[in-house]
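**Q** Everything below, folded, please.
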Amino acid sequence: MSRARDSAQQRKTWIALWAVYLIWGSTYYAIAKVVETMPPLLAMGIRFSLAALILGTYILVTKGNSEFKIPRAEYAAAMLLGFVTLGFGIGNVAVASSHVPTGVVSLIIAALPLWIAVFRSIAREQISRISWIGTIVGFIGVVILLQPESIVPAKGSDQTPLTFYMLMVLVGNIGWALGTYIAPRLPIPKNSLLFTAIEMAAGGVSLTIAGLVRGERFNDFGSASAESWFWFWYLVLIGSIAAYNAYLWLVMNAPVSLTATYAYVNPVVAVLAGSFILSEPISAQLIAGGAVVVAGVAIMVTARNRAIARGAASH
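**A** All right, here's what the predicted structure looks like:
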């Protein structure tokens, strides 16, 4: 019985892991297809608002109204993280995706652990030597990627604004990293689904307001293609809900060393999707910069996992 239970657990782990690999890796492609014919900020705002509504309804039906009775500080913390990560981070990605190839976007986003290391350093936290090596290696990869001369812009764009929009993705990623860094220091809700629902609602509202201020209009959706609508609902139901639930299951049931591998598998999936489906060219610069970024992230994740394992062994 124990062997059968272990086998079932292992099977569930790999199903959840591949769901995170493939779904989160494909969201860059999905966003690129959505913004082809939809206003980017409004599309992402409605995406997260709908996902929040679905999650909130599920919590209400399964747990009851009492689940929402949490301290105001927890609501405020979840909303702040929604503004910083989804509103600022995904907002920048959505606007830039009309100009920057999805593979390049995903590799810039893959540098997230490097920026977290910078915030840890600013806060004077102790960082291991191997983590610093990983950080330096990763940033070298980012510098290689941000040389626009041999990066071909996304279809329909041109070379002139490419550097600006690549930097836009980079700045959005720094915002996401800041949210990730401060999250453990904030009083967030204990119910992870409720936390996600509040975070997505805040991100959805902020993106919608930003879209309207930018001049986007709801009637712009009237001319959206069927393909954009398909990928929009894919982001709502699969990218925002299914993949996140799979990730939460991994966090609670799988070794952190295994779960953390999504950080350097997702960009590989995104690059392949962009190449084979969107026909984005894979240049030598993209391969070199991407490989160096992924190597730096892999070094950092490995160092972090070893530190966690040593901490667990000492207790």
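
**Q** Would you mark the buried spots in stretch 201-221?
**A** Under the neighbour-count criterion of 16 or more other CB atoms under 10 Å, stretch 201-221 has A201, A202, G203, G204, V205, S206, L207, T208, A210, G211, E216, F221 buried. C-betas here are computed from N, CA, C, even on glycine.

**Q** quick one: low-confidence parts of the stretch 151-300 of the chain?
**A** Applying pLDDT under 70 to the stretch 151-300 of the chain flags residues 151-160, 255-260, 263-264.

**Q** can you give me the helices in it?
**A** 162-182, 192-214, 226-233, 243-253, 256-259, 262-276, 284-313 (DSSP state H, counting those that start in this stretch).

**Q** And these: which comes nearest L114?
**A** helix 284-313 (6.5 Å; CB to CB).

**Q** need the contact list for L22.
**A** Residues in contact with L22 (CB atoms under 8 Å, 6 or more residues apart in numbering) are V269.

**Q** Could you check how far it is from M168?
**A** To M168, L22 is 26 Å away according to CB to CB, to the nearest Å.

**Q** How about D220?
**A** 21 Å.

**Q** coming back round to it: want to throw the helices of the stretch 151-300 of the chain into a markdown table with distance to N92?
**A** Output for these, formatted as a markdown table (distance: least, CB to CB, whole Å):
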| stretch | distance to N92 |
| --- | --- |
| helix 162-182 | 3 |
| helix 192-214 | 10 |
| helix 226-233 | 19 |
| helix 243-253 | 20 |
| helix 256-259 | 26 |
| helix 262-276 | 16 |
| helix 284-313 | 18 |
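
**Q** wait, which of those helices is closest to V61?
**A** Nearest to V61, of all the helices of the stretch 151-300 of the chain, is helix 192-214, at 12.0 Å by CB to CB.

**Q** Can you get me the centre-to-centre distance for that closest one and its chain?
**A** 15 Å (CA atoms, centre = their mean, to the nearest Å).

**Q** check contacts around the closest residue to A270 other than its chain neighbours.
**A** Spatially, and ignoring its direct neighbours in sequence, A270 is nearest to S106 (3.3 Å; CB to CB, 6 or more residues apart in numbering). Residues counted as contacts of S106 (CB under 8 Å, 6+ apart) are G25, Y28, N266, P267, A270, V271, G274.
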